[in-house]
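Visitor: let's see this in three dimensions:
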Amino acid sequence: MDVLQWIVPCPKKAALGSSHLDLGACRIHGDDATGTAVDALTSSLALAEPSTDAPDTRVEVRVEVRVDAAAGLPPEGYTLVAGDGRVAVVGADAAGAFYGAQTLLALAAVPCPEHARCVPECEVRDWPDLPLRGTIEGFYGTPWSHAARLDHLRFSARHKLNAYVYAPKDDPFHRERWREPYPPEELARLAELVAEAGRQHVRLVFALSPGLSMVCSDPAERAALRAKAEQVWEIGVREFALLFDDIPPELRHEADRAAYGTEEGASASAHAAVCRDFATEFLARHGAERPLTMVPTDYAGTARGAYRDRLAAELPPGVLVWWTGPDIVVGTIPAYDMTAAAASYGHRLALWDNFPVNDFDFSRVFLGPLVGRATDLGHAPLEGVTANPMVQATASRLALTTVADYAWHLAAYDPGRSHRAAVRLLPGAAELLPLVEACSAWPPGADQSPALTALCASALLGEGAGRLRAELERLAGLPVDVPGAFAAELARWVAAARDMGAAGLAALDLLAGGEPGPARRALERAEAHEANVLRGVIPPFVRAALERAPGSAPA
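Guide: Predicted coordinates:
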């Protein structure tokens with residue numbers, strides 16, 4: 001097995017030897033600059049006490065972690081060298097050392113028939129392509145639980161995602177009640193997220209969405225926005241975003257119409273003014289190191305217009321603009337669209353990728369890899385990507401693992417390879433692989449399974465029924481007792497998939513000369529599920545089979 005397949009994201013350069021270092025006994029050394037990396041390694045690779053029943057014959061391996069700004073590595077880069085009884089991790093900075101530690105842990109987790117825990121002799125030199133690589137909890141629907149967010153930060157660290165944006169649409173204190181301070185218990189949870197994000201080298205970006213009700217020209221409203229930011233600054237938040245998405249394009253308050261006008265695009269002046277005030281009166285006064293990020297009301301597409309022209313002219317130059325691509329939810333985003341969009345805004349972009357989000361159709365889950373994103377970005381003015389996940393936090397990890405792979409090493413990104421690795425690394429995914437495959441199509445309007453669609457068409461022509469039967473049996477036989485959060489989140493889809501598989505098998509029996517009753521009843525059971533698994537593939541096949549049955553009325 002290629003052990004590099006266990007490292008996601010794929011490293012830039014890696015050479016592996018044929019021998020291994022047994023990590024059953026190791027000592028980890030670092031300093032204050034590498035504290036988070038040392039902590040990560042110590043929790044997994046700490047020296048175990050020898051057995052009292054036998055002498056300890058293990059050779060102790062020295063693991064040294066350090067930061068060397070003169071190592072010639074880009075930011076967040078690292079080298080990992082294992083051999084001659086020692087392992088050395090050198091980071092360009094603290095984040096780089098931490099990511100080198102994560103790669104070492106990934107290598108140590110590869111199953112080995114000879115050692116319980118080992119690392120191959122290797123030389124790795126690695127760094128990210130995109131400075132911003134992360135997720136944005138920005139969907140409508142039930143927000144993630146606090147425990148899910150903490151787990152997500154640790155997942156992000158394992159896959160070198162360096163940002164998490166807190167922006168759940170249905171958190172009332174984020175959007176509808178943005179003026180109100182967080183209650184103490186909510187603030188305490190946010191503080192715990194901030195602390196955990198720091199330990200995992202994840203930038204926690206706190207977003208506020210005031211656009212539904214804010215009077216942008218009112219100094220008191222701007223002061224309320226700064227006061228809300230001050231509350232979370234005090235618990236450690238150091239990066240902020242202002243969101244003006246999904247609101248009416250026209251200014252609704254008379255004071256704003258008087259201040260900014262009533263012509264087309266006037267709201268851009270209001271939004272730019274709020275961002276300018278926040279950047280100068282809050283971020284600059286607090287000495288914030290990272291610039292403000294904002295979402296415009298016109299956040300998709302590449303065309304210039306009155307709103308974008310005003311925004312380009314009036315938004316402070318350092319502000320980063322979030323953009324969702326040629327449309328809101330898309331299958332393909334070419335580099336020339338990124339360049340055109342940045343030109344239309346007059347600002348550098350961050351991609352708010354609405355993948356694998358499912359808030360537009362909660363009956364579906366999207367478990368496949370990121371596809372259709374340009375990998376040859378050249379000089380595209382793109383800071384990075386933040387992916388908007390599903391309501392199902394654990395199930396989202398299949399897709400998010402591939403997003404991490406893409407953003408770190410663009411040229412090497414292969415959706416199929418990346419997805420296979422993601423399935424291997426997520427507990428429960430391999431056991432439910434037929435479901436994963438059935439829910440891997442992207443974009444949402446695509447054929448849910450081109451392969452099954454083709455097999456169904458062939459079966460109706462009297463060809464390839466055996467292959468179709470084998471695939472349907474995999475679905476119908478999905479296990480219902482897989483442990484873990486992944487399977488628990490997808491229990492409704494497992495049930496739907498089993499019944500869809502059974503309906504397809506009944507249709508095959510009908511085509512082979514069986515009675516229509518079982519197929520009709522199986523189709524009814526399959527379509528009774530709210531969860532959508534192959535609804536666009538199997539029911540049409542069953543109906544076509546019923547129509548061909550002698551004396552059978554259409555279903």
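
Visitor: leaving out chain neighbours, which residue sits closest to residue 135?
Guide: residue 387 (5.3 Å; Cβ to Cβ, 6 or more residues apart in numbering). Every residue, glycine included, has its C-beta placed from N, CA and C.

Visitor: which elements pack onto the helix or strand residue 424 falls within?
Guide: Using DSSP states H and E, residue 424 sits within helix 415-425. Judged by 3 or more Cβ pairs under 8 Å, 6 or more residues apart in numbering; DSSP states H and E, helix 415-425 is in contact with helix 397-408.

Visitor: coming back round to it: for the helix or strand just after the helix holding residue 424, packing partners?
Guide: Remark: after helix 415-425, the chain's next helix or strand is helix 433-438, criterion DSSP H and E. The helices and strands touching helix 433-438, judged by 3+ Cβ pairs under 8 Å, 6+ apart, are helix 465-476, helix 491-511.

Visitor: make JSON lines out of these and add mean neighbour count and distance to residue 115.
Guide: JSON lines is the format used below for the helices and strands packed on helix 433-438 (neighbours: other Cβ atoms under 10 Å; distance: least, Cβ to Cβ, whole Å):
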{"stretch": "helix 465-476", "mean neighbour count": "18", "distance to residue 115": "34"}
{"stretch": "helix 491-511", "mean neighbour count": "23", "distance to residue 115": "36"}
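
Visitor: any chance of the ones you listed in TSV, with mean pLDDT and distance to residue 163 too?
Guide: TSV is the format used below for those (pLDDT from 0 to 100; distance: least, Cβ to Cβ, whole Å):
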stretch	mean pLDDT	distance to residue 163
helix 465-476	97	37
helix 491-511	98	29
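
Visitor: and those helices: which comes nearest residue 19?
Guide: With Cβ to Cβ, the closest approach to residue 19 among these belongs to helix 465-476: 39.5 Å.

Visitor: which other helices and strands contact the closest one?
Guide: Using 3+ Cβ pairs under 8 Å, 6+ apart: helix 465-476 touches helix 433-438, helix 450-460, helix 491-511.

Visitor: quick check: angle from that helix to helix 450-460?
Guide: 130 degrees (axes from the mean of the first three to the mean of the last three Cα atoms, to 10 degrees).

Visitor: so helix 465-476 versus helix 491-511, what angle?
Guide: Interaxial angle, helix 465-476 versus helix 491-511 (the same axes, to 10 degrees): 150 degrees.

Visitor: what's helix 465-476 in contact with?
Guide: Residues outside helix 465-476 that contact it (Cβ atoms under 8 Å, 6 or more residues apart in numbering) are 434-435, 438, 451-452, 455-456, 458-459, 497-498, 500-502, 504-505, 508, 511-512, 533-534.

Visitor: pLDDT (mean, whole number) over whichever helix or strand comes after it?
Guide: Proceeding N to C from helix 465-476, the next assigned helix or strand is helix 485-489, under DSSP H and E. Over the span of helix 485-489, the pLDDT mean works out to 98.

Visitor: check contacts around the residue nearest to residue 375 when sequence neighbours are not counted.
Guide: In this structure, residue 375 finds its nearest non-sequential neighbour in residue 410, 4.3 Å apart by Cβ to Cβ, 6+ apart. The contact partners of residue 410, taken as Cβ under 8 Å, 6+ apart, are 129-130, 375-377.

Visitor: what segments of the stretch 51-200 of the chain are helices?
Guide: Assigned by DSSP state H, counting those that start in this stretch, the stretch 51-200 of the chain shows helices spanning 94-108, 146-158, 184-199.

Visitor: so which of these is nearest residue 477?
Guide: Per Cβ to Cβ, nearest to residue 477 of the helices of the stretch 51-200 of the chain: helix 146-158, 29.5 Å.

Visitor: so residue 21, which state does it fall into?
Guide: When classified by DSSP: H, G, I helix; E, B strand; the rest coil, residue 21 comes out as strand.

Visitor: so what sits opposite it in the bridge?
Guide: Beta-bridge partners for residue 21, by DSSP bridges, are residue 119.

Visitor: am I right that it is in contact with residue 114?
Guide: No. Assessed by Cβ atoms under 8 Å, residue 21 is found out of contact with residue 114, at 11.5 Å.

Visitor: which one's more surrounded, these two?
Guide: residue 21 (25 against 7; other Cβ atoms under 10 Å).

Visitor: contact partners for the more buried one?
Guide: 61, 82-83, 85, 87, 118-121.

Visitor: one more: residue 206?
Guide: Per Cβ under 8 Å, 6+ apart, neighbours of residue 206: 166, 190, 229, 232, 237, 239-241.

Visitor: leaving out sequence neighbours, find the closest residue to it.
Guide: residue 237 (4.5 Å).

Visitor: wait, doesn't that neighbour sit right on residue 193?
Guide: No. Using Cβ under 8 Å, residue 237 is not in contact with residue 193, being 9.3 Å away.

Visitor: so for those two, which residues contact both of them?
Guide: Common neighbours of residue 237 and residue 193, using Cβ under 8 Å, 6+ apart, are residue 204.

Visitor: hmm, back to that, identify each buried residue in the helix holding residue 424, please.
Guide: The neighbour-count check on helix 415-425 (16 or more other Cβ atoms under 10 Å) flags 415, 417-419, 421-423, 425 as buried.

Visitor: contact partners for the residue positioned nearest the centre of the chain?
Guide: Centroid-nearest residue in the chain: residue 400, 3.1 Å away (criterion: Cα atoms, centre = their mean). Residues in contact with residue 400, defined by Cβ under 8 Å, 6+ apart, are 135, 155, 159, 161, 356, 387, 389.

Visitor: redo that, cut-off 7 Å
Guide: Contact analysis of residue 400 by Cβ atoms under 7 Å, 6 or more residues apart in numbering lists 135, 387, 389.

Visitor: end to end, how far does stretch 85-100 reach?
Guide: 18 Å (Cα to Cα, to the nearest Å).

Visitor: now the residue nearest to the centre of the chain: how far from residue 307?
Guide: 31 Å (Cβ to Cβ, to the nearest Å).

Visitor: pLDDT weak spots in this protein?
Guide: 1, 46-58, 551-555 (pLDDT under 70).
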